[in-house]
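1. what shape does this take:
(2 chains)
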Amino acid sequence: DTGVSQDPRHKITKRGQNVTFRCDPISEHNRLYWYRQTLGQGPEFLTYFQNEAQLEKSRLLSDRFSAERPKGSFSTLEIQRTEQGDSAMYLCASSSTEQETQYFGPGTRLLVL
Amino acid sequence: GNSVTQMEGPVTLSEEAFLTINCTYTATGYPSLFWYVQYPGEGLQLLLKATKADDKGSNKGFEATYRKETTSFHLEKGSVQVSDSAVYFCALSDRGGSYIPTFGRGTSLIVHP
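-> Numbering: from 1, shown residues only, chains lettered A, B, ... in the order given. Have a look, this model is predicted:
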């Protein structure tokens, strides 16, 4: 078991470009969560999936953000028309239905110039 | 709504000093409480947790007791090491099915040799 992995670890993009991040959860976990973390703050919930179903979305997830988990395994988070305010660390976590404990990946750090 | 308040950092200590990081919370119902640790360049790792009043979570010499009467979950360690330098996040989770945690802002700990 290699834990939760995220790709890429770092991304620099220009304002207006689209970016996509990938998260691979722990294989037996059916829940997958996305968070955003800005400097000096704790992680803020964006959305979560149980298997392939997206069950909850935060009001932080604007129309420019979309997340998918097509086969209930890995997930992608896409940001369209990036803005400088999107610069943050994007964290993914996974868990099983019966557990409260979430296991976090190393994050993708996004910088929008 | 739910919220978590942590003492502001950075907390700067010498090696072998006693550590306390304060955490208080506001929640409806009876949440589970967590401490996560984030080492530089890494994702969050669960440090310890407690699921009901008067429970004590412990791991790697760290302890925290779920105090319902004072709505607190303070983190303590009797003798810190340089390797404990990290950011510590207090969090709570409603056991309403989604287990989406609410995080505090984090407290940076710096331990000098």
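2. use CA for all of it now, contacts and neighbours both
-> Will do.
3. beta partners of A:Ala93?
-> Under DSSP bridges, the beta-bridge partners of A:Ala93 are A:Tyr33, A:Phe104.
4. separation between it and A:Leu110?
-> For A:Ala93, the distance to A:Leu110 equals 17 Å [C-alpha to C-alpha, to the nearest Å].
5. quick one, which of those two is more surrounded?
-> Between A:Ala93 and A:Leu110, counting by other C-alpha atoms under 10 Å in any protein chain shown, A:Ala93 is the more crowded of the two (28 against 20).
6. for the more buried one, list the residues it contacts.
-> A:Ala93 is in contact with A:4, A:25, A:32-34, A:102-105, counting by C-alpha atoms under 8 Å, 6 or more residues apart in numbering or on different chains.
7. residues from chain B in reach of chain A?
-> Proximity of chain B to chain A, by C-alpha under 8 Å from any C-alpha of the partner chain, involves residues B:41-46, B:89, B:93, B:95, B:99-106.
8. which residue sits closest to whatever residue of chain A ends up closest to chain B, ignoring its sequence neighbours?
-> Nearest residue of chain A to chain B: A:Pro106, at 3.9 Å (C-alpha to the nearest C-alpha). Leaving aside its sequence neighbours, A:Pro106 sits nearest to B:Gly43 (C-alpha to C-alpha, 6 or more residues apart in numbering or on different chains; 3.9 Å).
9. residue contacts, that neighbour?
-> Shown in contact with B:Gly43 (C-alpha under 8 Å, 6+ apart): A:91, A:104-107.
10. with respect to B:Ile21, which of those residues is nearest?
-> Nearest to B:Ile21 among the contacts of B:Gly43 is A:Phe104, at 22.2 Å by C-alpha to C-alpha.
11. which parts of chain B are strands?
-> When secondary structure is read from DSSP state E, chain B shows strands at B:3-6, B:11-14, B:19-21, B:23-26, B:32-38, B:44-50, B:56-59, B:62-65, B:75-77, B:86-93, B:101-103, B:107-112.
12. quick check, B:Phe62 in contact with B:Glu76.
-> Yes. Using C-alpha atoms under 8 Å, B:Phe62 makes contact with B:Glu76 at a distance of 5.6 Å.
13. quick one: buried residues of stretch A:82-90?
-> Neighbour counts using 16 or more other C-alpha atoms under 10 Å in any protein chain shown place A:82-83, A:86-90 of stretch A:82-90 among the buried residues.
14. now do the most far-flung residue of chain A relative to its centre, the pLDDT please.
-> Centroid-distance maximum for chain A: A:Glu98 at 21.2 Å, with C-alpha atoms, centre = their mean. pLDDT, A:Glu98: 76.
15. please apply the same query to A:Gln17.
-> 97.
16. got the phi and psi for the closest residue to it other than its chain neighbours?
-> Of all residues not flanking A:Gln17 in the chain, A:Arg81 sits nearest, at 5.1 Å (C-alpha to C-alpha, 6+ apart). Per-residue torsions, A:Arg81: phi 50, psi 60 (degrees, to the nearest 10).
17. in contact with A:Arg81, which residues?
-> With C-alpha under 8 Å, 6+ apart, A:Arg81 has these contacts: A:15-18, A:64.
18. quick one: it and B:Thr70, what's the gap?
-> A:Arg81 sits 46 Å away from B:Thr70, going by C-alpha to C-alpha.
19. what does A:Arg36 give?
-> From A:Arg36 to B:Thr70 the distance is 30 Å (C-alpha to C-alpha).
20. per-residue confidence at the residue of chain B found nearest chain A?
-> For chain B and chain A, the shortest gap (C-alpha to the nearest C-alpha) falls at B:Gly43, measuring 3.9 Å. Note for B:Gly43: predicted pLDDT of 85.
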